[in-house]
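K.L.:
Take a look and give me a structure for this.
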Amino acid sequence: MDLRLAAKAHTELCATRLVQQSSLWGGVKKRTGWTPKSFDLWLDGESAGDVLILERDLADGMGLAYVPFGPEALPDEERRGEYLRALSAELRPFLREGCAMIRWDLPWESPYAADDDRYDDDGHWLGPPAPRLRELRMNWGADGEALRKSAGDILPPDTMLVDLRAGEDAVLGRMKPKTRYNIRLAARRGVRVRRGGQEDLALWMSLYAQTARRKGIHPHGAEHFSAIFDELGHAEHEKATIRMLLAERDGEPLAAMFMSVSADAASYLYGASSDAGREYMGPYALQWEAMRLARREGCSAYDLFGVPPRPDPGHPMHGLYAFKAGFGGRMLHRQGAWDYAYDPRAYELIAAREATERGYHQP
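P.N.:
Below you'll find the model as predicted:
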């Protein structure tokens, strides 16, 4: 495998459908303690796009590199492991001393998604096989350091994509009847959606805190969302943007969200809703307005950004699955996060800590 790379500024990243691989995302993460690094890639003499890598220090002099939804270019299935191992090794001289590992949060569709025996009789995804079997497939033919499946995924590997290429009536027509009803109910009950700005950050954080308590999630701090607003508007980020939308009724906030538009794709990133007023269906109004906005800006797809892998009533996030499935998207099962250790002993220590803590980094 002939692999070459060249460093460049993160502001020079090419246009991408994945906002997490954009110059905008690199700037946001730089404001929150990460060091962005970017590289042009060539594979066997052909351009393989570019990649954004984020670095940060951990305790005890260790550090890690993290690649959110990258690299975007997909090699042949049988060469994926070889490609990631080679790319990891080539990147090592460009990373800081003490970097113990690199984590690839892959955007690529799982190779098991094409296997009929990974679905039940109703066509629902059963998930990939055990990590050890996945590692054997990823590392087939490896004669050196192997890739390991991360214990957890940072960015959601399972999502739903809504096709926006048809008209609004067609998009609505693919939704479930209850979802269409709730969208229209929100409008009849006076729910209105408006653009939010940095002046609405305190309102967002209030809704976000309510949602975190209700769902038992570990939230970002206000500095993350402040960094998004601070980074917007820079000329070098014209290929991607992030917007806040707020759903209100009679001036009272019901729900809010952040969405991205990058190249011709849009994505739901963060959502929050009030403990009160849930009968007004604010989240339905928000998602529908986000899709309409994405269509107006020329997007062909809208990523609902994360669902359980199947409709399992026993899953703690089953309600989220039911909500998002109502919008008529198709399922996408990505490969998830994979690790390559530069310092195996330090990597084992990091992995052990991650098993008992919430992790060292967030998307």
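K.L.:
Can you pull out the low-pLDDT segments for the stretch 101-250 of the chain?
P.N.:
144, 235-238 (pLDDT under 70).
K.L.:
Could you rerun that using 50?
P.N.:
Across the stretch 101-250 of the chain, nothing is flagged by pLDDT under 50.
K.L.:
what about the strands in this protein?
P.N.:
3-8, 35-43, 46-57, 63-68, 99-109, 148-149, 158-163, 192-196, 240-249, 252-262, 265-273, 301-303, 330-341 (DSSP state E).
K.L.:
Please name whichever of those strands is nearest to L203.
P.N.:
With C-beta to C-beta, the closest approach to L203 among the strands of the chain belongs to strand 252-262: 5.6 Å. Any C-beta I mention is one placed from the backbone N, CA and C, and that applies to glycine too.
K.L.:
mind listing what the residue nearest the centre of the chain touches?
P.N.:
With distances taken as C-alpha atoms, centre = their mean, L155 lies nearest the centre of the chain, 4.5 Å away. L155 sits next to Q20, P68, F69, D105, G306, A337, P363 when contact means C-beta atoms under 8 Å, 6 or more residues apart in numbering.
K.L.:
picking up where we left off before, which among the strands of the chain is found nearest to W204?
P.N.:
Here strand 252-262 is closest among the strands of the chain (C-beta to C-beta), at 5.3 Å.
K.L.:
Identify the neighbouring strands of the closest one in the sheet and state each direction.
P.N.:
strand 240-249 (antiparallel), strand 265-273 (antiparallel) (DSSP bridges).
K.L.:
first vs last residue of stretch 50-68, how far apart are they?
P.N.:
Chord length of stretch 50-68, first to last residue, is 13 Å (C-alpha to C-alpha, to the nearest Å).
K.L.:
Show me what counts as buried in it.
P.N.:
In terms of neighbour count (16 or more other C-beta atoms under 10 Å), stretch 50-68 has its buried residues at 50-56, 58, 62-68.
K.L.:
again with stretch 13-26
P.N.:
L13, T16, R17, L18, V19, Q20, Q21, S22, S23, L24, W25, G26.
K.L.:
again with stretch 243-251
P.N.:
R243, M244, L245, L246, A247, E248, R249.
K.L.:
Stretch 322-339 now?
P.N.:
Neighbour-count burial for stretch 322-339, counted by 16+ other C-beta under 10 Å, picks out 322-329, 331-339.
K.L.:
Grab the CA positions of that stretch and hand them over as PDB.
P.N.:
In PDB, the C-alpha atoms belonging to stretch 322-339 read as follows (Å, rounded to 0.1, in the frame of the first residue of the first chain):
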ATOM      1  CA  ALA A 322     -39.700   5.700  18.100                       C
ATOM      2  CA  PHE A 323     -39.600   9.500  17.800                       C
ATOM      3  CA  LYS A 324     -36.900   9.600  15.100                       C
ATOM      4  CA  ALA A 325     -38.300   6.600  13.200                       C
ATOM      5  CA  GLY A 326     -41.500   8.500  12.700                       C
ATOM      6  CA  PHE A 327     -39.700  10.900  10.300                       C
ATOM      7  CA  GLY A 328     -39.300   8.300   7.600                       C
ATOM      8  CA  GLY A 329     -35.500   8.000   7.400                       C
ATOM      9  CA  ARG A 330     -33.500   4.900   6.400                       C
ATOM     10  CA  MET A 331     -31.100   3.300   8.900                       C
ATOM     11  CA  LEU A 332     -27.400   3.600   8.600                       C
ATOM     12  CA  HIS A 333     -25.100   1.400  10.700                       C
ATOM     13  CA  ARG A 334     -21.500   2.700  10.900                       C
ATOM     14  CA  GLN A 335     -18.400   0.900  12.000                       C
ATOM     15  CA  GLY A 336     -18.000   2.800  15.200                       C
ATOM     16  CA  ALA A 337     -14.700   3.700  17.000                       C
ATOM     17  CA  TRP A 338     -11.400   1.800  16.600                       C
ATOM     18  CA  ASP A 339      -8.100   2.300  18.400                       C
END
